[in-house]
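1. Provide a 3D model corresponding to the input given below.
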Amino acid sequence: MTFKKGLEAENENSKGKIFFQVFTYNDPLLALAEFKINFYDLLLLDVNMPKLNGFELSEKILELDLNVRVCYISAGEMNIEALREQYKSLSMGCFIKKPVEIEKFVRRVKTELD
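-> Next up, the predicted model:
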């Protein structure tokens, strides 16, 4: 919810321009069930989630929509090379390490969307 509030605050500060429309889910299976093809520009997925981790969820979503971009968010250390080997179909290009200052988070999301 902190990330959602930070992104939506950017809309309030932008003098009428809407940068972000944010949808949040606490359940990765629900997020997958409600995923809309050709609707989202960027997914922000926590790596550690119950039922499906962020990589498993992104694999399933990318089977539905190859055009959506993904950023993974994690508080833990990750071996990116090992993850690339395990999840060969994923690009693994965007990682955001928690904790992150909300201003840096918003800038990173904007960069990913450019």
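
2. quick one: F105 and C94, what's the gap?
-> When distances are taken as CB to CB, to the nearest Å, F105 and C94 turn out to be 12 Å apart. Placement of C-beta: from N, CA and C, glycine included.

3. which residues of the chain fall in strands?
-> Assigned strands in the chain, in chain order: 42-46, 69-74, 95-97 (criterion: DSSP state E).

4. for K5, what are its contacts?
-> When contacts are counted by CB atoms under 8 Å, 6 or more residues apart in numbering, K5 is found next to no other residue.

5. separation between it and F20?
-> Following CB to CB, the distance that separates K5 from F20 is 11 Å.

6. cool, F95 as well?
-> 20 Å.

7. out of those two, which sits in the more crowded spot?
-> Between F95 and F20, counting by other CB atoms under 10 Å, F20 is the more crowded of the two (18 against 14).

8. Can you list phi and psi of the more buried one for me?
-> Per-residue torsions, F20: phi -130, psi 130 (degrees, to the nearest 10).

9. Please tell me how far the closest residue to it other than its chain neighbours sits from Q86.
-> Using CB to CB, 6 or more residues apart in numbering and skipping residues adjacent in sequence, the residue nearest F20 is L7, 4.2 Å away. Taking CB to CB as the measure, L7 falls 30 Å from Q86.

10. Name the residue in these two with the higher neighbour count.
-> Neighbours were tallied for L7 and for Q86 using other CB under 10 Å; the higher tally belongs to L7 (19 against 10).

11. Am I right that the residue nearest to F20 is in contact with V22?
-> Yes - in terms of CB atoms under 8 Å, L7 counts as a neighbour of V22; the distance is 5.2 Å.

12. Find the residue at the geometric middle of the chain.
-> L44 (1.0 Å; CA atoms, centre = their mean).

13. burial of the nearest residue to that one once chain neighbours are set aside, as a residue count?
-> Leaving aside its sequence neighbours, L44 sits nearest to C71 (CB to CB, 6+ apart; 5.2 Å). Taking other CB under 10 Å as the neighbour definition, C71 ends up with a count of 19.

14. Might you report the residue contacts of C71?
-> By CB under 8 Å, 6+ apart, the residues touching C71 are 42-45, 94-96, 108-109, 112.

15. That's all I had, so thanks and see you.
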